[in-house]
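Peer 1: need a structure here:
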Amino acid sequence: MKALVALILLVQLPIHKAVPAAPPDLLGCDDPETEAAAEFAVNYINGHSHHGYKFALNRIKNIHVRPQGLNNDIIFLELDLLETTCHILSPMPLANCTVRSFTQHAVEGDCDVKLQKLDGKLSVIASKCHSHADSSEDVLSLCPDCPLLASLNNTEVLTAVSAALSDHNSKTAGAYLRLLEIGRANIQYHPAHIVSVEFAVAATNCSAEAAQDNAEDCQLLPEDQSNYGFCTATMVTRPSQDLRVDCQLYGHQVPTPEVPFLSRPGVTYFQPGQDTSAGLVPSVVHGFTNHDLRLSHNNPVASESSSSEFPTSMLSAKSVAKRAVAEVAQHDKVPRPVGFVPPPPPCPGKIRHFKI
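Peer 2: Prediction:
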């Protein structure tokens, strides 16, 4: 009898179906906290690049946060960047730098950045980037007459830079300038033959007038007195000849709380037998149209898949989001009202400038 009563009571117990665990809360690519981390990462990238131009954020492709303890997170970011018109040596704040348009033969950067957020303070552990110019075919399909980027060591480009720097040094009453690097160049063939160049320069310890006698003795100013600048020039060779040059020196710069990272140019050197009469030094590129961010950012630890402290089975924001959406679709039987629009996935984020 007791056994029968126990069986009846057991049958009457409520049956609880297993409820799938809710997907973890995700930090979306357009969340304010993510954007703050991305802004910090971009400032770090620009501040630790040694060649080329500053880059602006175009899109946050992915984010993954890995808690390490109380108020201690490791953050992995995947970022799409676009080249601006500001050289890395320019003191111009990034917010005031113009992103080059697609028809200007834009340069895109892809970066993985690993950060730590400890007690609310961000720091970069590692960065890995690659930058490349857009496809020439894509540019010409949209703008058939737009000039394309030329190799930085193209003979016509080198000739234009040499002529432009010689022209400036022959006319200025200020310091004699030497070339640090050629930043960008393009050649237009029709209706006129025009070579346009951009290049970074540095002041020497000679005046331009004194350098006329012995330019080889002029040396770059020491680091605590350095004065970098930037020049643009256009040289027309057909149907007539014309040369226009504009050089601006930035003045000596020191790190500030607003700009804690201060770019320094890469090492320059003289080669035996090289003509230095125009203040030229060898280029750091050979046959490329742009300076690759990889030269300054190439730490594989920046990529989540390459970080040895985490298992490779870890899920990123995008993969977790896909799984969460699938689980919701499987278990959610509530009919949706007409016109219902599901929320956007947490990643990738919005495009700020244009799609590459």
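Peer 1: switch to C-alpha atoms for all contacts and neighbour counts from now on
Peer 2: Noted.
Peer 1: show me what the most centrally placed residue in the chain is bridged to.
Peer 2: Nearest to the geometric centre of the chain sits Phe55, at 3.8 Å (C-alpha atoms, centre = their mean). On the basis of DSSP bridges, Phe55 is bridged to Glu83.
Peer 1: how far away is it from Arg294?
Peer 2: 13 Å (C-alpha to C-alpha, to the nearest Å).
Peer 1: tell me the SS of Ile45?
Peer 2: Per DSSP: H, G, I helix; E, B strand; the rest coil, the secondary structure class of Ile45 is helix.
Peer 1: for Phe354, same thing?
Peer 2: Following three-state DSSP, the label given to Phe354 is coil.
Peer 1: what's the burial count for it?
Peer 2: Residues lying near Phe354 (other C-alpha atoms under 10 Å) number 10.
Peer 1: tell me how far the residue nearest to it when sequence neighbours are not counted lies from Gln212.
Peer 2: For Phe354, ignoring the flanking residues on the chain, the nearest one in space by C-alpha to C-alpha, 6 or more residues apart in numbering is Asn58 at 7.4 Å. Note on Asn58: its distance to Gln212, by C-alpha to C-alpha, is 46 Å.
Peer 1: the two - which one has more neighbours?
Peer 2: Each of Asn58 and Gln212 has its neighbours counted (other C-alpha under 10 Å); Asn58 has more, 22 against 15.
Peer 1: residue contacts, the more buried one?
Peer 2: For Asn58, the contact set (C-alpha atoms under 8 Å, 6 or more residues apart in numbering) comprises 79-82, 351-354.
Peer 1: looking at it, Leu81 is touching Lys54, isn't it?
Peer 2: No: assessed by C-alpha atoms under 8 Å, Leu81 is found out of contact with Lys54, at 9.6 Å.
Peer 1: these two: who's more crowded?
Peer 2: Between Leu81 and Lys54, counted using other C-alpha under 10 Å, Lys54 has the larger neighbour count: 28 against 25.
Peer 1: strands of the stretch 51-200 of the chain, start to end?
Peer 2: Taking DSSP state E, counting those that start in this stretch, the strands of the stretch 51-200 of the chain run over residues 53-69, 72-87, 107-118, 121-133, 175-188, 193-207.
Peer 1: let's have the contacts of Asn58 in JSON lines, adding distance to Asp217 and pLDDT.
Peer 2: Output for those, formatted as JSON lines (distance: C-alpha to C-alpha, whole Å; pLDDT from 0 to 100):
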{"residue": "Leu79", "distance to Asp217": "45", "pLDDT": "97"}
{"residue": "Asp80", "distance to Asp217": "44", "pLDDT": "97"}
{"residue": "Leu81", "distance to Asp217": "41", "pLDDT": "97"}
{"residue": "Leu82", "distance to Asp217": "39", "pLDDT": "97"}
{"residue": "Ile351", "distance to Asp217": "50", "pLDDT": "94"}
{"residue": "Arg352", "distance to Asp217": "48", "pLDDT": "93"}
{"residue": "His353", "distance to Asp217": "46", "pLDDT": "91"}
{"residue": "Phe354", "distance to Asp217": "48", "pLDDT": "86"}
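Peer 1: what's the mean pLDDT across stretch 254-269?
Peer 2: Throughout stretch 254-269, pLDDT has a mean value of 52.
Peer 1: just the pLDDT for the residue nearest to Phe354.
Peer 2: For Asn58, the model assigns a pLDDT of 97.
Peer 1: and Asp224, by the same measure?
Peer 2: For Asp224, pLDDT reads 88.
Peer 1: per-residue confidence at Val281?
Peer 2: Reading off the confidence values, Val281 has pLDDT 45.
Peer 1: so where's this structure uncertain?
Peer 2: For the chain, the stretches with pLDDT under 70 are 1-25, 255-286, 306-337, 339-345.
Peer 1: got the domain boundaries for it?
Peer 2: By the assignment in the TED database, the chain contains the domains 21-146+288-300, 152-254.
Peer 1: could you save those domains as TSV and add columns showing distance to Cys347?
Peer 2: Below are these laid out as TSV (distance: least, C-alpha to C-alpha, whole Å):
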stretch	distance to Cys347
domain 21-146+288-300	5
domain 152-254	33
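Peer 1: quick check: which of those is nearest to Pro346?
Peer 2: Ranking the domains of the chain by proximity to Pro346 (C-alpha to C-alpha) places domain 21-146+288-300 first, at 4.1 Å.
Peer 1: next one: that closest one to chain centre, how far?
Peer 2: Mean-position distance between domain 21-146+288-300 and its chain equals 5 Å (C-alpha atoms, centre = their mean, to the nearest Å).
Peer 1: quick revisit: gap between the residue nearest to Phe354 and Leu295?
Peer 2: Distance, Asn58 to Leu295, using C-alpha to C-alpha: 21 Å.
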